[in-house]
Structures are given as structure tokens and as C-alpha cells.
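Q: Everything below, folded, please.
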Amino acid sequence: MNYIIGAIGIVIFLLLAWAISSDKKNVRWQYIGIMLVIQFLLAFLLLKTPWGIKFVQFLATGFGYLLSYAGKGVDFVFAGLENPAVGKIPQASTFFLDVLLPITFISALIGILQYLKILPFIIKYLGLAISKINGMGKLESYNAVASAILGQSEVFISLKKQLPYIPKHRLYTLTASAMSTVSLSIVGAYFTMIKPEYVVTAIVLNLFGGFIVASIINPYRVSDEEENNVIMTENEHKQSFFEMLGEYILDGFKVAVIVGAMLIGYIALIAMLNGIVYGISGWFTDSPFDFQTILGFIFAPLAFLTGIAWDDAVRAGSIMATKLVSNEFVAMLDVQNIINNKTGELSERAIGVVSVFLVSFANFSSIGIIAGAIKSLNDKQGDVVARFGLKLLYGATLVSFISATIAGFFL
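A: Numbering: from 1, shown residues only. Model prediction:
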């Protein structure tokens, strides 16, 4: 039954994208069909085959080593801040030290791979290969791969020279790809919160899901002349190795601090709203409820369409909505609490589907982050992005729903 609901869900999510399409008659469904098939094959390979499982385990082990090395640096600077284990009481884990600060080290590694031209090589040729599949331009394919490695705001720095010449319809696709993915620098943090197989599956599925939804909402064809007008060029300013390394380390630290600040604000705000709604509802009913429960009921039908059983749909919908109004870290902490405390609020399958949904930057704050990043590079184009911000978030959220639904077939 879950599979039937999931199949219906994919159709409905595609129709929701088609409902706001700028050119409903010219949607190229053949490319969308091909990319859906690829998504199913990739989900099967990653979640069900021995090779896929070993690949995920390899990545998880590799990131585990990297995080342990990052811990050496964190311990040197912040030694003694965590409460040590006492008797049966385990060592207290500090989220900022154990999850966020390692982003600084991962960012430094990304900088080194960039400097050695390894990542640009991967981005260029993987993007070129994908462009043969999605029916879009080389720029769109490059941007999607680059976004998954560099991040939703950092990727546009690599397009600084091209930004003034990118038309509105192509800019939507570029920003939609950026919002639908996550940056490589914070993947290690995700691995500490939810299962690595869900993180890897989501990243791969979202890459193609972004093209699918953008192709429906914003269909267009790129002519050879238009493709040639936007040519990828290297950054003229050549940094020294240590200039680059210092810049990436500081950028990673900024990300850790910004995410930490956002967590403090959002978690406190949601706690306050929960308390207010709980108190008010207690005046009218013997079974008071909180703000997240209201969000859960609103999102429950959408969660149900991903193939999650109705018994889990309200709680799953609550976590999905929490991610949308705050960010993925806040929602992942909710999932982590369910797993660690064995609350039984969600089944294993529901946890997997929800986890895949959470791995993206699709939330309200990302509209400002992307628009602000582009505006800092090109004022006019930043204003263009801000104007279609809600449409951008709508599409990126549908990408997450489609990826979660497809993953559900193999969980």
C-alpha cells in the first residue's frame, strides 16, 4: 500500500510543479521521465545493493576519520569545556564543538582540493556528462554539481563573471539547484545526526530532482548562441596556497558560527511558540497541543503522499514543516532525539523518508542567503532572485518531497 501511495505522491508532486509552470505546453516530459528512472536506479543502488551499501560505508568511515582529526584541533582550543564522564553518566556532548566546529577543517580540505584543481576538474566533467541527460545547458549542469560541493552561496562566486549575462529563466534554474542541494563542508555534520545512507541518497537524488522540478516550473531550451554568451572562465586572481587556506578556514568557521546562531534563535523561537500554543490550547481542551503539532497536521497529507503510514504522518509532517520554517539542523535534532531516546514516535521507515527530506537547504532563510549572495556580486541579479524567492522555495521543497518519496520505495 505504501508503494501505491508513493507512486501517487510522485505524480501529485509533479503536478504541483506543473501547476505554476511558466510554459505548461513546452514541458519536455521525455527528459523528466529519463531523470526519474535514473533517480530510482540510483536509490536502488545506494540503498539495496552490496556495492552501494559498501560505498556509503566507505564514505561514512572516511568522514569519521576526518571528524576525528578535526576533533584534535577542537580539543586543543576548547579542551575541558565538555563535562567528562562520571560513573554511569556519559560525557556531555556539546553540539557546537562536536558537530559544527569540524566544518572548519572540512572547509580547509575543500580549499586544498580546489587549489589543486581536483574539484574543478570533477565539477566540469561531471557537469558536462549530466548536461547530456537533462536537456539543459552546460552552465546549469555545472552549477548543480558545483552547488553540491561548494554550497548554495559560495557557488555563485565561481559564476561572478557570468552573472550579468544570465537571463532570468536560467537564473531561476541555477538558484533552484543551489537551494536543493547541500555543501560538502557540512555533510560530515549531517553524518553525526542521521544515517549516512540517507544523506548520500538525498544528495544524489536532489541533484537530478532539481533538474526535474526546474524543467517543469521553468521550461526552456538553450540555443548554441545563448550557451556561447555565458562561457565559464577561471578566476583571474591567483591566490597563494596559504592565502587560500586561511580564507577557507575562516569561511568554515563563519559557517559554524552562523549555523550555531541560527540554531539558538530558531530553537528558542519554536520553544516559545510551542509554549504559547500549548498554554492557549490548554484553556479550551483537556488534551493541549503545541505549535509543532499544528504544523504536523498541516503537512501530514504531504508526508502521507511520500509513502509514510498515516499513523506516522502527523509527527513526520511536523518535522518536515519545522525544517521549512527554520533549517535542516533544527529538524535533524528532532529526528536524533527520536532515535537516541527510542521514543517510538516514528517507524524506522518513516525516519528514513523524513531524513532524506531534510537533506537540502530548502527553507525560508535560504531565500535571503541566496539573494544576498548574488546581490553582493551583482546588485541587479540579486533583486531578480529576491522577486521569485517564494517560487524558488516552492520548487526546492517539491524536490525534497520527490527525493524522499523515491527513497521510500527502497526502505
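
Q: what sits against residue 207?
A: 130, 144-145, 148, 177, 180-181 (CB atoms under 8 Å, 6 or more residues apart in numbering). Heads up, the C-betas are built off the backbone N, CA and C, glycines and all.

Q: Would you mind giving me the confidence score for it?
A: Residue 207 carries a pLDDT value of 91.

Q: State the helix or strand in which it lies.
A: Using DSSP states H and E, residue 207 maps to helix 196-217.

Q: How far off centre is that helix?
A: 9 Å (CA atoms, centre = their mean, to the nearest Å).

Q: Now it: buried residues?
A: For helix 196-217, a neighbour-count test (16 or more other CB atoms under 10 Å) marks 196-217 as buried.

Q: Likewise for stretch 324-333?
A: Within stretch 324-333, the residues that count as buried by 16+ other CB under 10 Å are 324-333.

Q: Nearest to residue 58 among those residues?
A: Closest approach to residue 58 among the buried residues of stretch 324-333 (CB to CB): residue 332, at 22.4 Å.

Q: check contacts around the closest one.
A: 190, 193-194, 355, 358 are the contacts of residue 332 under CB under 8 Å, 6+ apart.

Q: again, only using 6 Å
A: 193-194, 358 (CB atoms under 6 Å, 6 or more residues apart in numbering).

Q: I'd like to check what contacts stretch 55-70. Which residues are they?
A: Defining contact as CB under 6 Å, 6+ apart, one finds that stretch 55-70 is touched by 102, 105, 188, 191, 196-197, 200.

Q: Turn those into a markdown table, columns for distance to residue 123.
A: What follows is these, written out as a markdown table (distance: CB to CB, whole Å):
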| residue | distance to residue 123 |
| --- | --- |
| 102 | 23 |
| 105 | 21 |
| 188 | 20 |
| 191 | 22 |
| 196 | 22 |
| 197 | 24 |
| 200 | 18 |
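
Q: Residue 279: which of these is nearest?
A: Out of the contacts of stretch 55-70, the member with the shortest distance to residue 279 (by CB to CB) is residue 191, at 37.7 Å.

Q: count of neighbours near the closest residue to that closest one other than its chain neighbours?
A: Spatial nearest neighbour of residue 191, chain neighbours left out: residue 63 (5.2 Å); criterion: CB to CB, 6 or more residues apart in numbering. Using other CB atoms under 10 Å, residue 63 has 21 neighbouring residues.

Q: So residue 307 lies in a helix, does it not?
A: No - counting by DSSP: H, G, I helix; E, B strand; the rest coil, residue 307 is not part of a helix but coil.

Q: shouldn't it be in contact with residue 2?
A: Yes - between residue 307 and residue 2 there is a contact at 4.3 Å, judged by CB atoms under 6 Å.

Q: For the two, indicate the residue with more neighbours.
A: A count of neighbours by other CB under 10 Å puts residue 307 above the other of residue 307 and residue 2, at 26 against 17.

Q: check contacts around the closest residue to that one other than its chain neighbours.
A: Nearest in space to residue 307, with sequence neighbours left out and distances taken as CB to CB, 6+ apart, is residue 6 at 3.4 Å. Contact partners of residue 6, counting by CB under 6 Å, 6+ apart, are 307, 405, 408-409.

Q: Buried only: go through those residues for me.
A: Buried members of the contacts of residue 6, scored by 16+ other CB under 10 Å, are 307, 405, 408-409.

Q: Now residue 245: phi and psi?
A: phi -60, psi -40 (degrees, to the nearest 10).

Q: From residue 257, how far out is it?
A: Residue 245 sits 19 Å away from residue 257, taking CB to CB, to the nearest Å as the criterion.

Q: Does anything pack onto the helix or strand harbouring residue 367? Which helices or strands?
A: Applying DSSP H and E as the criterion places residue 367 in helix 364-377. Judged by 3 or more CB pairs under 6 Å, 6 or more residues apart in numbering; DSSP states H and E, the packing partners of helix 364-377 are helix 379-387.

Q: residue ranges with poor pLDDT in the stretch 151-300 of the chain?
A: For the stretch 151-300 of the chain, the stretches with pLDDT under 70 are 224-237.

Q: At which residues are the strands of it located?
A: In the stretch 151-300 of the chain, no strands are defined using DSSP state E, counting those that start in this stretch.

Q: Need the nearest residue in space to residue 38, chain neighbours excluded.
A: Spatially, and ignoring its direct neighbours in sequence, residue 38 is nearest to residue 208 (5.8 Å; CB to CB, 6+ apart).

Q: ok, residue 273 - how many residues close by?
A: Neighbour count for residue 273, taken as other CB under 10 Å: 16.

Q: Kindly tell me how buried the nearest residue to it once chain neighbours are set aside is, as a neighbour count.
A: Once flanking residues are discounted, residue 273 sits nearest to residue 291: 3.9 Å by CB to CB, 6+ apart. Neighbour count for residue 291, taken as other CB under 10 Å: 22.

Q: got it, and the one 5 residues further on?
A: Other residues within reach of residue 296, judged by other CB under 10 Å, total 22.

Q: For it, give its distance to residue 408.
A: From residue 296 to residue 408 the distance is 18 Å (CB to CB).

Q: before we move on, back to that, which one of the contacts of residue 207 is nearest residue 158?
A: residue 145 (11.1 Å).

Q: tell me the secondary structure for that closest one?
A: Classification of residue 145 using three-state DSSP returns helix.

Q: is it true that it touches residue 123?
A: Yes - using CB under 6 Å, residue 145 is in contact with residue 123, at 4.9 Å.

Q: Now do the helices in the stretch 251-400 of the chain.
A: 291-305, 310-325, 328-340, 348-358, 364-377, 379-387, 389-408 (DSSP state H, counting those that start in this stretch).

Q: so what does the second one touch, helix or strand wise?
A: Taking 3+ CB pairs under 6 Å, 6+ apart as the contact definition, the neighbouring helices and strands of helix 310-325 are helix 291-305, helix 328-340, helix 348-358.

Q: And the average pLDDT for it is what?
A: pLDDT averaged over helix 310-325 gives 94.

Q: again, but for the fourth one
A: Per-residue confidence for helix 348-358 averages out to 96 on the pLDDT scale.

Q: Contacts for that helix next, please.
A: 194, 198, 201-202, 306, 308, 312, 316, 319-320, 323, 328, 331-332, 400, 403-404, 407-408, 411.

Q: Just give me the neighbour total for the closest residue in space to residue 189 that isn't next to it in sequence.
A: Spatial nearest neighbour of residue 189, excluding adjacent residues (CB to CB, 6+ apart): residue 99 at 4.9 Å. When neighbours are defined as other CB under 10 Å, residue 99 has 25 of them.
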